[in-house]
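Participant: Here is a sequence together with a model predicted from it:
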Amino acid sequence: MNNRLMGSLLTFVAVAAGLSFAVPSHASAKIVTDVDKTAVVKTATSFGTAKSDDGAATGSASLTPAAKRWQATTISYKIASGSSYYKSVWSSAVKTWNRTGVVRLVKTSGKADITLSTSNSPMGKNDSTVGITYSSYYNNKTLNSLAVMANAKSYVYKNVANRYHYSKKERTNVAEHELGHALGLEHNVGKGSVMYYATRDQSVSKPDVNGLAHSYR
């Protein structure tokens, strides 16, 4: 009996007996997603706080900083809001980021990288956060020294936007801000950036395009 056949028989006997071998396998090298408040679930507030996800905004006003990015520049998205008003808001925000030419956001009806929606703040009248983004990334995978993203969900808080009398254009700016977070951007120290922590009048500007281009170079 040759050695290969003998080895196969021994493996069969071991499996039947409930034994296992430490066989190298790519399946054991799983991608793990961090689950904590500063990693997988990250809140990006657009109104009422001077702090970014990991503390005060840092970097130059001319270049919006980033902590994460997607593996590729083509990124799928879907708009989960049932409101035609907010579908228009999110569609405008997507078009603005697509016009930068850095990334290509592609609409899908299936599983999407980024989900865009609306909600009411659970804190009600006690909250002054008008938008929020939850983003997940792989804790063992980087690209250009940035964490590679796994999924993201962005929301505009309708009740807060109503309370502060945000116009449709201002809500679109908030949507642009949150979508910027979903693309991996952080807060910018400059008031002219859509990624400034308190977003209302700002739209995507040169510092944001520079930051996105630097992230996806």
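Facilitator: Noted; the coordinates are in hand. Residues are numbered from 1 along each chain as shown.
Participant: For Arg163, see how far away the most centrally placed residue in the chain is.
Facilitator: For the chain, the residue nearest the mean C-alpha position is Ala182 (2.9 Å; CA atoms, centre = their mean). Distance of Ala182 to Arg163, computed by CB to CB, to the nearest Å: 24 Å. Placement of C-beta: from N, CA and C, glycine included.
Participant: related to what we said a few turns ago, tally of neighbours for the closest residue in space to the residue nearest to the centre of the chain that isn't next to it in sequence?
Facilitator: Setting aside the residues directly before and after it, Ala182 is nearest to Ala152 in space (CB to CB, 6 or more residues apart in numbering), at 3.9 Å. Applying other CB atoms under 10 Å, we find 27 other residues in the vicinity of Ala152.
Participant: Give the pairing partners of the helix or strand containing Ala152; include direction for each.
Facilitator: In this structure, Ala152 sits in strand 146-157 according to DSSP states H and E. Strand partners for strand 146-157, identified by DSSP bridges, are recorded as strand 68-69 (parallel), strand 114-119 (parallel), strand 131-143 (antiparallel).
Participant: Relative to Gly190, which of the ones you listed is closest?
Facilitator: strand 131-143 (18.5 Å; CB to CB).
Participant: just to revisit the earlier point, residue contacts, the residue nearest to Ala182?
Facilitator: If you count contacts by CB atoms under 8 Å, 6 or more residues apart in numbering, Ala152 has them with Asp113, Ile114, Thr115, Thr133, Tyr134, Ser135, Ser136, His181, Ala182.
Participant: run the last query once more with 7 Å
Facilitator: For Ala152, the set of contacting residues under the criterion of CB atoms under 7 Å, 6 or more residues apart in numbering consists of Asp113, Ile114, Thr133, Tyr134, Ser135, Ala182.
Participant: So Leu185 versus Asp208, what's the distance?
Facilitator: Spatial separation of Leu185 from Asp208 under the definition CB to CB is 7 Å.
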